[in-house]
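**Student:** Provided below for reference: sequence and predicted model.
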Number of protein chains: 2
Amino acid sequence: MEDKWENMIKAMEAKGIRMTAQRKMIAKVFSFSAGFVLPRQIHSFISESFPGASYDTVYRNLRLLVDIGLIEQFNFNEGVRFKLKVNPDQHLHYFICTSCHRTYPLEFCPIENGIKPPESFKVMGHKFEVYGICGDCAD
Amino acid sequence: MEDKWENMIKAMEAKGIRMTAQRKMIAKVFSFSAGFVLPRQIHSFISESFPGASYDTVYRNLRLLVDIGLIEQFNFNEGVRFKLKVNPDQHLHYFICTSCHRTYPLEFCPIENGIKPPESFKVMGHKFEVYGICGDCAD
DNA sequence: TTCTCTGCAAATGGTTTGCATTGAC
DNA sequence: GTCAATGCAAACCATTTGCAGAGAA
């Protein structure tokens, strides 16, 4: 997905971030990954091009990308994972394959369905995720 | 909540688990905590009665209690937290106060509302959580 | 040239493990 | 008395930090 990659780099440049070769590689991982990736996977990918690449660079940039809203972080039991935000402006939930960690958008949002919070509870956010096994993993 | 405590101990005994003094203390923490607790908080509580209490005992027992279904684990950004299951047989979601980590049950379950998964996606589970600030924390 | 970003190395914090001892049944 | 649970210490793993040097603007 060349265009995804270019869009990501453009978005980073628009934020005034310096485009290093390592950052381009990180953007590349997210542009072709259809789901959640582990920090470890990102590190081993950029290590192919940069044998001396360090973990702290990976983590620093993941935090940066979360901060500027290009990627999102999910906390699974087995560890923290990240994925590219499909469309930063659109509110979405996901079907998540627990085998390959690919995600499939889910239009339905439960928060718009007449939920009544307890007395004087101010709703700030919510999480809705559906887990399962996708067709490709079902074998 | 004496009865919560006793019920928890009974449930543990029913599983054939040996009732040590440390385990009674851990059960006590959950019986009076209205929300999520950190392993660190559990450790410091049982340390009041057992100055030499160790972290590994806390973690071992948390895993045990999750395994037998008495408590549930949630992965927050700031760390892993645990809470007593209200009713092991009832399916519930929660309003979660991000300030005090107390929880309020939420009857609505989005999964029963005509969600259509992608082609041959087998749904195995789901997560629905609403975050906000509760009345007591609003000041 | 300037100032951010990187790699290194070391520190950190949470969690797990092996093993000898303690203690519940 | 037996076997499971504890405490200790050390290992482990993911993540973060300080700092000097490299590299983007």
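**Tutor:** Noted; the coordinates are in hand. In this text the structure is predicted, and so the values were computed from the model without any measurement. Numbers count the residues shown, from 1 in each chain, chains lettered A, B, ... in the order given.
**Student:** show me what contacts the residue lying farthest from the centre of chain A?
**Tutor:** The centre of chain A is farthest from one residue, A:Glu119, which by CA atoms, centre = their mean lies 34.3 Å away. Counting by CB atoms under 8 Å, 6 or more residues apart in numbering or on different chains, A:Glu119 touches B:Gly135. C-beta here means a position set from N, CA and C on the backbone, and glycine is covered the same way.
**Student:** With A:Phe36 instead?
**Tutor:** A:Phe74, A:Phe76, A:Arg81, A:Phe82, A:Lys83, A:Ile96, A:His101, A:Thr103.
**Student:** that older thread, tell me the spacing between the residue farthest from the centre of chain A and DNA strand C.
**Tutor:** According to CB to the nearest atom of the strand, to the nearest Å, A:Glu119 stands 33 Å off from DNA strand C.
**Student:** Checking my notes, that residue in a helix, right?
**Tutor:** No - counting by DSSP: H, G, I helix; E, B strand; the rest coil, A:Glu119 is not part of a helix but coil.
**Student:** quick revisit: what about the contacts of A:Phe36, which one has the most neighbours?
**Tutor:** When neighbours are counted by other CB atoms under 10 Å in any protein chain shown, A:Ile96 leads those with 28 neighbours.
**Student:** if we can go back for a sec, among the contacts of A:Phe36, name the ones in strands.
**Tutor:** Among these, the members falling in strands (DSSP state E) are A:Phe74, A:Phe76, A:Arg81, A:Phe82, A:Lys83, A:Ile96, A:Thr103.
**Student:** before we move on, which element is the residue of chain A found nearest DNA strand D in?
**Tutor:** At 3.3 Å from DNA strand D, A:Asp56 is the closest residue in chain A, using CB to the nearest atom of the strand. Secondary-structure element containing A:Asp56, defined by DSSP states H and E: helix A:55-67.
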